[in-house]
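K.L.:
pasting the sequence and the predicted coordinates here, then a few questions.
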Amino acid sequence: MEKHNIKYKVNIPEGSIITTLDVQAYERILDNLIKNAIIHSRCEEISIDLIEKENMIQVKISDDGIGIPRNSKDMIIDRLYKVDTSRKTKGSGLGLAIVKELADKCNISLKYDSEEGKGSSFILGVKKAL
């Protein structure tokens, strides 16, 4: 993020929160979401929040970038789909598809929202360990 002059905020509550998950898959999901924001969103800031909700743990990754056009929202996780094919940025259209496939495989919920011109948010949810 620093290399791209992107500010960032990380909000993690005090104390321990315990869950069981595939660490490598989760790291890959987070890496893809953060890289996607850095490379494609044209954002100035990225926020990463850890949110504890009853029996769930959520990680929310948000940016203040260009957002996703309304007509592309349902397709952004499709394999090889690119929002703007005229962009000069790298990308195969696989990043978000991989995120979705890994999330499904690991029983991680994935929600996202975006508003054109205001940015995007992706929320990953996993159950807390009892």
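P.N.:
Looks like it came in fine.

K.L.:
which strands and helices sit next to the longest helix along the chain?
P.N.:
Assignment by DSSP state H gives helix 23-40 as the longest helix of the chain. Under the contact definition 3 or more C-beta pairs under 8 Å, 6 or more residues apart in numbering; DSSP states H and E, helix 23-40 sits against strand 45-53, strand 56-63, helix 95-105, strand 119-127. For every residue, glycine as well, the C-beta is placed using N, CA and C.

K.L.:
what's the angle between the longest one and helix 23-40?
P.N.:
Translated: helix 95-105. For helix 95-105 against helix 23-40, the angle by axes from the mean of the first three to the mean of the last three C-alpha atoms, to 10 degrees is 160 degrees.

K.L.:
what is helix 95-105 packed up against?
P.N.:
If you count contacts as 3+ C-beta pairs under 8 Å, 6+ apart, helix 95-105 packs onto helix 23-40, strand 109-115.

K.L.:
buried set for the longest one?
P.N.:
Along helix 23-40, these residues count as buried under the neighbour rule (16 or more other C-beta atoms under 10 Å): A25, Y26, I29, L30, N32, L33, I34, N36, A37, I38, H40.
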